[in-house]
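Trainee: With the sequence up front, the predicted model follows.
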Amino acid sequence: MALTPPPALDDAGLLSQVLCPAEVAYEERVASYWSNTAKKRPTRILRPASAEELSRDLVTLVNARQLFAVRSGGHSMPEGASNIEDGVTIDLGLIDQIVFDKESETVQVGSGCLWNQVYGELQKHNRAVVGGRAGSVGVGGFLLGGGNAWLTAQRGWACDNIVAAEVVLADGKIVSANRSDHADLLQVLKGGGNNFGIVTRFTLTTVPLDQVWAGILVTPKDTIPKICRMTMDFVTKIKQNTENNLIIVIGYQPDLKDVTAIVLVVNTAGVTDDPIFDEWKELPRITEMIKTTSLYDLSFEATLPKDHYTSWFTLTFKSDPRIMLKASELHDELVASLKSFMPDGDFMSQCTFQPLPMIIAQQSLRAGGNIMGVEDNKSDGILFQVIVIMKTEEQHAFAYAQAKGYVESLKEFAQSIEGGLFRWLYMNYADKSQDVLTSYGPENVKKMREAANHYDPDGVFQKLCPGGWKLPELDD
């Protein structure tokens with residue numbers, strides 16, 4: 001049973017729009033979460049329309065010692081990351097202003113925006129930002145988790161392109177974190193999650209961008225060993241070809257009743273015949289859908305089905321075909337296990353490989369650096385994710401354990417190869433059980449702890465905002 005909110009919440013004259021259970025608007029907001037895993041039922045949903053409204057209402061919540069969660073787009077899957085059962089969810093969806101400044105070539109974006117809104121507005125100016133590939137993903141959570149994007153090799157992680165952040169602190173103070181003021185806060189926000197305050201607006205650098213060449217090709221399972229080798233070659237070449245990117249998805253397709261390899265390709269300059277893709281074009285294919293399009297239109301295609309239960313885990317490892325092939329073999333075992341428990345057609349599973357050339361860390365450092373520790377990589381890498389999507393809560397409980405075992409087996413294999421396993425984990429693909437912030441390294445944990453002690457000395461975002469990944473205690 002949900003806890004009754006403290007009387008202060010109802011009597012303090014909250015400025016935000018307040019949604020209560022059983023109201024139509026409340027039910028619509030709960031239903032709008034991407035994954036059923038996140039569809040909790042808070043005692044109240046607060047919808048501030050500005051930083052000033054949020055400031056006053058956050059103070060009210062803190063004074064009442066009320067547990068809360070913060071939602072941007074509602075795409076975060078781990079339980080509690082953007083919603084809460086016995087508490088208040090602060091829904092930033094009304095803070096969705098987008099203002100492009102031609103002179104500075106920057107854009108101010110409200111944290112409650114979705115990326116397709118941002119791309120749609122910037123398309124009018126032939127500009128883009130380093131943002132989410134799926135247009136339904138929210139701006140705030142994506143940026144605070146780091147943000148891998150089609151433009152990452154060119155411009156670093158999405159968070160590296162934050163010029164300034166408007167932040168509401170736990171005491172209600174509103175600050176602008178930039179390179180001149182509160183620079184320590186700006187750095188820890190770049191990958192540090194919801195540990196320091198609530199960001200209501202980001203100022204982002206933009207890039208000139210008109211059309212992109214992009215799409216997918218689906219190839220038979222027997223191409224997977226070749227694709228693993230080709231992926232390593234691609235990662236090696238990308239530092240001289242930063243306008244190109246790809247994602248490899250090895251997935252079980254219920255319609256085909258088999259595993260296939262799906263290759264998502266992009267050239268952000270709109271070039272259709274870049275030699276880096278010559279070998280990829282020669283692969284046998286089950287289907288192909290590649291075309292010249294816009295980043296805005298593409299953002300509607302890079303999506304997974306919503307309204308399901310979801311489990312996912314992540315690793316980062318050396319760009320090595322042996323590790324990728326092992327991931328594929330373990331995925332076959334995962335599919336067999338899932339089939340033994342749930343009917344064919346009730347689930348989808350994927351393991352994905354995304355290039356992490358060392359040039360990305362170099363781009364990050366040029367932009368001032370983030371807090372993720374990615375510069376510690378000693379070789380080109382792969383950002384890996386395993387995803388299982390299923391229909392029922394019972395299936396989710398089973399699949400979660402299977403996916404967790406899968407990633408542990410792959411982690412063990414990567415560790416057996418010299419330099420095979422990287423330390424750091426990518427927050428936006430991680431399960432709650434994975435210790436993301438510790439993976440950033442002791443120096444970065446120290447920076448985050450010092451910033452939290454300075455900007456949130458009472459530990460509000462550690463104690464009253466339990467969702468997401470919380471800061472570990474420092475060793476004495």
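Mentor: Yep, it's here.
Trainee: Just say helix, strand or coil for residue 338.
Mentor: When the structure is split into helix, strand and coil by DSSP: H, G, I helix; E, B strand; the rest coil, residue 338 lands in helix.
Trainee: Tell me which stretches of the stretch 251-400 of the chain form strands.
Mentor: Taking DSSP state E, counting those that start in this stretch to define them, one finds strands in the stretch 251-400 of the chain at 258-267, 287-293, 309-318, 347-356, 381-390.
Trainee: Throw those strands into a markdown table and include distance to residue 199, mean pLDDT and mean neighbour count, thanks.
Mentor: All C-beta spots, glycine's among them, are computed from the backbone N, C-alpha and C. What follows is the strands of the stretch 251-400 of the chain, written out as a markdown table (distance: least, Cβ to Cβ, whole Å; pLDDT from 0 to 100; neighbours: other Cβ atoms under 10 Å):
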| stretch | distance to residue 199 | mean pLDDT | mean neighbour count |
| --- | --- | --- | --- |
| strand 258-267 | 28 | 96 | 20 |
| strand 287-293 | 30 | 94 | 14 |
| strand 309-318 | 23 | 97 | 23 |
| strand 347-356 | 25 | 96 | 23 |
| strand 381-390 | 24 | 97 | 24 |
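Trainee: of all those strands, which lies closest to residue 92?
Mentor: When the strands of the stretch 251-400 of the chain are compared by Cβ to Cβ, strand 309-318 sits nearest residue 92, at 21.8 Å.
Trainee: Name the residues of stretch 366-382 that are buried.
Mentor: If you call a residue buried by 16 or more other Cβ atoms under 10 Å, then stretch 366-382 has these buried ones: 367-374, 377, 380-382.
Trainee: what does stretch 390-406 give?
Mentor: Buried residues in stretch 390-406, defined by neighbour count with 16+ other Cβ under 10 Å: 390-391, 395-396, 398-400, 402-404, 406.
Trainee: neighbouring contacts of it?
Mentor: Here stretch 390-406 makes contact (Cβ atoms under 8 Å, 6 or more residues apart in numbering) with 36-37, 308-313, 330-331, 333-334, 337-338, 341-342, 346-348, 386-388, 431, 433.
Trainee: so where's the longest helix in this structure?
Mentor: For the chain, the helix reaching the highest residue count under DSSP state H is reported as helix 393-415.
Trainee: any residues touching the helix or strand just after that helix, and which ones?
Mentor: Later in the chain than helix 393-415, the nearest helix or strand by DSSP states H and E is helix 436-439. Taking Cβ under 8 Å, 6+ apart as the criterion, the residues outside helix 436-439 that touch it are 192-193, 195, 373, 423-427, 430, 445, 448, 469-472.
Trainee: lowest-pLDDT helix or strand in the chain?
Mentor: Each helix and strand of the chain was given a mean pLDDT (mean pLDDT, DSSP states H and E); the minimum falls on helix 7-11 at a mean of 51.
Trainee: Give the other helices and strands that the helix or strand just after that helix contacts.
Mentor: With elements assigned by DSSP H and E, the helix or strand that comes after helix 7-11 is strand 17-19. Helices and strands touching strand 17-19, by 3 or more Cβ pairs under 8 Å, 6 or more residues apart in numbering; DSSP states H and E, are helix 24-31, strand 44-47.
Trainee: if you set the cut-off to 6 Å instead, what comes out?
Mentor: Strand 17-19 sits against strand 44-47, with contacts defined as 3 or more Cβ pairs under 6 Å, 6 or more residues apart in numbering; DSSP states H and E.
Trainee: What are the buried residues along the helix or strand following the strand it packs on?
Mentor: For strand 44-47, the succeeding helix or strand toward the C-terminus, using DSSP H and E, is helix 51-63. By neighbour count on 16+ other Cβ under 10 Å, the buried set for helix 51-63 is 51, 53-62.
Trainee: what do you get for stretch 156-164?
Mentor: Of all the residues in stretch 156-164, those buried under the rule 16+ other Cβ under 10 Å are 156-164.
Trainee: likewise stretch 96-107?
Mentor: Across stretch 96-107, burial judged by 16+ other Cβ under 10 Å covers 96, 98, 100, 106-107.
Trainee: Stretch 249-258 now?
Mentor: For stretch 249-258, using 16+ other Cβ under 10 Å, the buried residues are 249-252.
Trainee: Tell me which residues are up against that stretch.
Mentor: By Cβ atoms under 6 Å, 6 or more residues apart in numbering, the surrounding residues in contact with stretch 249-258 are 259-262, 328, 331, 335, 345, 349-352.
Trainee: Make CSV out of those and add distance to residue 182.
Mentor: Conversion of these to CSV gives the following (distance: Cβ to Cβ, whole Å):
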residue, distance to residue 182
259, 48
260, 48
261, 46
262, 42
328, 45
331, 44
335, 48
345, 51
349, 43
350, 39
351, 39
352, 35
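Trainee: And the strands of the stretch 251-400 of the chain: which comes nearest residue 210?
Mentor: strand 287-293 (9.9 Å).
Trainee: Determine the angle, from 0 to 180 degrees, between the closest one and strand 258-267.
Mentor: Angle of strand 287-293 versus strand 258-267, following axes from the mean of the first three to the mean of the last three Cα atoms, to 10 degrees, is 20 degrees.
Trainee: surely residue 415 meets residue 422?
Mentor: No: under the contact definition of Cβ atoms under 6 Å, residue 415 does not touch residue 422, with a separation of 10.6 Å.
Trainee: So which of the two has more stuff around it?
Mentor: Applying other Cβ atoms under 10 Å to residue 415 and residue 422 shows that residue 422 carries more neighbours, namely 23 against 11.
Trainee: Could you find the closest non-adjacent residue to that one?
Mentor: Here the nearest residue to residue 422 in space, its sequence neighbours aside, is residue 316; by Cβ to Cβ, 6 or more residues apart in numbering that works out to 4.1 Å.
Trainee: With residue 289 instead?
Mentor: Distance criterion Cβ to Cβ, 6+ apart; nearest residue to residue 289, sequence neighbours excluded, is residue 215 at 4.8 Å.
Trainee: Number of residues surrounding that neighbour?
Mentor: Using other Cβ under 10 Å, residue 215 has 17 other residues around it.
Trainee: what's the helix or strand for it?
Mentor: In this assignment (DSSP H and E), residue 215 forms part of strand 212-219.
Trainee: what comes up buried for the helix or strand following that strand?
Mentor: The C-terminal neighbour of strand 212-219 among helices and strands, as given by DSSP H and E, is helix 224-237. Of the residues in helix 224-237, those buried under the neighbour-count criterion (16+ other Cβ under 10 Å) are 224, 227-228, 230-232, 234-235.
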